[in-house]
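>>> model this:
(chains A and B)
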Amino acid sequence: MNTADQYLKAIYLAQRIDDGPASTGTLADLLEVSPASVNEMIGKLEERGLVEHEKYKGASLTDEGLERAHDALQTYCIIERFLANVLEVEEFREEAHALEAVIDDTVAERLDTIIDRPEECPDCFDPEADCCKYLEVPTRAD
Amino acid sequence: MSLGQRVSSDHQLARLLQIGVVLEEVVESRAAHHLESLPADERETIDDEVRALLAEAAEESAEHRERLETLVDDLDAETVAYEEINALVDAQYGPPEDTDGVLYDQLCNEETAYKFYDDLIEAVEASDAEFAIDRDRLLETLYDIREEEREGVEEVTEIMERRA
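Modelled structure (predicted):
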């Protein structure tokens, strides 16, 4: 997943968390980057027609941006679900964040052929829990 | 969230190689499922060329898997057994409609594997991390496998073009 898609996904989640335009602060927290980096990228995404930015309010996805954010979140859900249910990784959230930049959409699509994902994906993604609300979370086998 | 495309630790490298093993297992299992899923009459008429392609794909994936497993083992990690992935493929498998569908799925397999190894190589090359396994050995294994995936893409494409 490229950097732009990671940002679009974060804006989508931040809009749900903020219940309105995504603030720079929320985005910087979600992406673990500086507010300056966020503002720079928002400008680029705005030029590409994927985001609308209103001063002092924040960023909102355009229809095209929303579509791409949906796809990116779906890819992310596949990675999390694959890590949690197939590889049984307990720290699947952290690992999914670390791996998402290296896992391409086409690779995620193949991994998707062996996981059981709800029809409503990615709407069932819970931004607060940072995973799908239906995901069965693995526990450490002691 | 890491926005960079690089492998920064043994742990992350092992995880990516584990994913590579699963992808190979998926290819191997789907190739076997495709042959079994075709109706008996079509199975008899399925071109020898396509049958050979699927058999070769399964064999090559098994060989790639073994090479990756050796690396994962040297990183003190484990891989998911083929039987487990085969069962998951089985649970979700929807057979392609016909031979062209089988070939298209096989093309997706090869293209996906190529893309995966290409990205992984790039992420390893972009990293300064010291891994517990020799970097040259790691990269050479990945270059070899990527090359075979590239040849696989060409092979399926040629068969598809001949049939078109």
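>>> domain parsing for chain A?
Domains of chain A are assigned by automatic domain parsing as A:3-66, A:72-132.
>>> so which of the ones you listed is nearest chain B?
Smallest distance to chain B across the domains of chain A (Cβ to the nearest Cβ): 3.9 Å, for domain A:72-132. Backbone N, C-alpha and C define where each C-beta goes, glycine included.
>>> so the residue of chain B found nearest chain A: helix, strand or coil?
Proximity of chain B to chain A (Cβ to the nearest Cβ) peaks at residue B:88, 3.9 Å away. Assigned by DSSP: H, G, I helix; E, B strand; the rest coil, the conformation of residue B:88 is helix.
>>> so what pLDDT did residue 125 get?
Here I'm looking at chain A. For residue A:125, the pLDDT comes out at 91.
>>> wait, chain B was what I had in mind.
93.
>>> who's in contact with it?
residue B:139 (Cβ atoms under 8 Å, 6 or more residues apart in numbering or on different chains).
>>> same check on the one 5 residues further on?
Under the criterion of Cβ under 8 Å, 6+ apart, the contact list for residue B:130 is empty.
>>> which helix or strand contains it?
Under DSSP states H and E, no helix or strand contains residue B:130.
>>> phi, psi for it please.
Main-chain dihedrals, residue B:130, degrees, to the nearest 10: phi -90, psi 120.
>>> how about stretch A:40-52 and chain B, touching?
No - on the criterion Cβ under 8 Å from any Cβ of the partner chain, stretch A:40-52 is out of touch with chain B, staying 9.4 Å away.
>>> which residues does that stretch contact?
Residues contacting stretch A:40-52 (Cβ under 8 Å, 6+ apart): A:3-4, A:7-8, A:11, A:24, A:27, A:53, A:59-62, A:64-65, A:68.
>>> the host helix or strand of residue A:42: how far from the chain's middle?
Per DSSP H and E: residue A:42 is located in helix A:35-47. Averaging C-alpha positions (Cα atoms, centre = their mean, to the nearest Å) puts helix A:35-47 17 Å from its chain's average.
>>> and stretch A:64-77, by the same measure?
On Cα atoms, centre = their mean, the centre of stretch A:64-77 falls 7 Å from the chain's centre.
>>> roughly how far does the residue of chain B most remote from its centre sit from residue A:68?
Here chain B reaches farthest from its C-alpha mean at residue B:41, the gap being 29.1 Å by Cα atoms, centre = their mean. If you measure residue B:41 against residue A:68 using Cβ to Cβ, to the nearest Å, the figure is 44 Å.
>>> tell me where the longest helix sits in chain A.
Criterion DSSP state H: the longest helix present in chain A is helix A:63-81.
>>> do that one and chain B come into contact?
No - for helix A:63-81 and chain B, the contact criterion (Cβ under 8 Å from any Cβ) is not met; the two come no nearer than 9.2 Å.
>>> mind giving me the packing neighbours of the helix or strand just after that helix?
Sequence-wise, the next helix or strand downstream of helix A:63-81 (DSSP H and E) is helix A:92-99. If you count contacts as 3 or more Cβ pairs under 8 Å, 6 or more residues apart in numbering or on different chains; DSSP states H and E, helix A:92-99 packs onto helix A:63-81, helix B:10-37.
>>> my guess is residue B:28 meets residue B:64, correct?
No - at 9.2 Å, residue B:28 does not count as touching residue B:64 under the criterion of Cβ atoms under 8 Å.
>>> what about residue 110, helix or strand, and which?
Using chain A here. Residue-wise, residue A:110 maps onto helix A:105-111 under DSSP H and E.
>>> chain B, not that one
Counting by DSSP H and E, residue B:110 is part of helix B:99-125.
>>> again, but for residue B:95
Counting by DSSP H and E, residue B:95 is found in no helix or strand.
>>> checking residue A:119 next. Helix, strand or coil?
Per three-state DSSP, residue A:119 ends up coil.
>>> need phi/psi at the closest residue to residue A:1 other than its chain neighbours.
Sequence neighbours aside, residue A:100 is the residue nearest to residue A:1 in space, at 4.9 Å (criterion: Cβ to Cβ, 6 or more residues apart in numbering or on different chains). Main-chain torsions, residue A:100, degrees, to the nearest 10: phi -60, psi -30.
>>> give me the neighbour count for residue A:100.
22 (other Cβ atoms under 10 Å in any protein chain shown).
>>> wait, residue A:77 touches residue A:117, no?
Yes - between residue A:77 and residue A:117 there is a contact under Cβ under 8 Å: 6.7 Å.
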